[in-house]
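Engineer: coordinates for the following, if possible.
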Amino acid sequence: MAPIEEGGFGRTLCVLTGASRGFGRALATLLARLLSPGSVWRQSWWRSTPGLRVVPVPADLGSDAGLQQLLGALRDLPRPEGLQRLLLINNAATLGDISKVFQTLSDPAEPFKGWTLYCAGKAARTMMFQVLAAEEPSVRVLSYAPGALDTDMQLLARETTVDLDLRKRLQDMKTNGELVDCGMSAQKLLNLLQRDTFESGAHVDFYDL
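Structural biologist: You can find the predicted model right below:
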């Protein structure tokens, strides 16, 4: 899939979480080229980028204190002159503890054995985005599934997943070269956002593009 044009998102205030590694880092590298000079880039990690005002905010978004830290930083951030777009990409994620089965978890049937918290979180996010799209028609909302990525998170999954059959399947995916390159998936997401033809609130999978 061909990359979209440089500066294609115009002058943007962009917030990207989970940008320090894996899919988020690949996405940040590609996205930076699509922001016009004068854009403001807010994220947990990034290097200096010519023409962009980069404001890193190291924060643990799994805690209320970390979330409030990010929200406070956003409130204090001056809006760039001639702002054309506000882009929020919530990429920060965790598998939770996948070494335990459902009965041993304090939080509440999931497709992957041992992945109760992760799968429940994904399902909740999809519904939350659908509700947000219905309540805020002026906001474009997308839930993107990036595929089985070759990341540290996938390494953790294939080493600690409680179900041995699933663990072997994850290991086989790595051995057989079936894992998705982060850059390829990130490019698909950016092309999807640039075309902007998806239904707001939709769930789009990497493998369907």
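Engineer: leaving out chain neighbours, which residue sits closest to the spatially most central residue of the chain?
Structural biologist: Centroid-nearest residue in the chain: Asn91, 2.3 Å away (criterion: CA atoms, centre = their mean). In space, and not counting its chain neighbours, Asn91 is closest to Gly18: 3.9 Å by CB to CB, 6 or more residues apart in numbering. Backbone N, C-alpha and C define where each C-beta goes, glycine included.
Engineer: is it true that the one you found touches Gly24?
Structural biologist: Yes. Counting by CB atoms under 8 Å, Gly24 is a contact partner of Gly18 at 4.0 Å.
Engineer: of these two, who's got more company?
Structural biologist: With neighbours defined as other CB atoms under 10 Å, Gly18 and Gly24 compare such that Gly24 has more, 25 against 21.
Engineer: the more buried one should be in a helix, yeah?
Structural biologist: Yes. With DSSP: H, G, I helix; E, B strand; the rest coil as the criterion, Gly24 is part of a helix.
Engineer: could you list the low-pLDDT ranges of this structure?
Structural biologist: 1-7, 41-50, 93-109, 111-117 (pLDDT under 70).
Engineer: quick one, domains of it?
Structural biologist: Here the domain parsing of the chain from automatic domain parsing is 1-92, 94-209.
Engineer: report the set of residues contacting both of Gly18 and Gly24.
Structural biologist: Common neighbours of Gly18 and Gly24 are listed as 91-92 (criterion: CB atoms under 8 Å, 6 or more residues apart in numbering).
Engineer: what's the longest helix in this protein?
Structural biologist: helix 116-135 (DSSP state H).
Engineer: quick check: the residue nearest to the centre of the chain touching Gly24?
Structural biologist: Yes. Taking CB under 8 Å as the definition, Asn91 is a contact partner of Gly24 at 4.3 Å.
Engineer: what is in contact with the two at once?
Structural biologist: 16-18.
Engineer: tell me which of those fall in helices.
Structural biologist: Assigned to helices by DSSP H, none of the shared contacts of Asn91 and Gly24 qualify.
Engineer: of all these, which comes closest to Phe129?
Structural biologist: Thr17 (15.1 Å; CB to CB).
Engineer: I'd like to know how many residues surround the closest one.
Structural biologist: 19.
Engineer: from Leu193, how far off is it?
Structural biologist: 16 Å (CB to CB, to the nearest Å).
Engineer: go on, Gly62?
Structural biologist: In terms of CB to CB, Gly62 sits 26 Å off from Leu193.
Engineer: those two: which is more packed in?
Structural biologist: Regarding Gly62 and Leu193, a neighbour count based on other CB under 10 Å identifies Leu193 as having more, with 20 against 11.
Engineer: helix, strand or coil for that one?
Structural biologist: helix.
Engineer: that one touches Leu142, doesn't it?
Structural biologist: Yes. Look at Leu193 against Leu142 with CB under 8 Å: they come within range, at 7.2 Å.
Engineer: so where do the helices sit in this structure?
Structural biologist: 22-32, 64-75, 116-135, 152-160, 164-175, 182-195.
Engineer: quick check: Met153 vs Cys14, distance?
Structural biologist: Relative to Cys14, and taking CB to CB, Met153 is found at 23 Å.
Engineer: same question, Phe23
Structural biologist: 16 Å.
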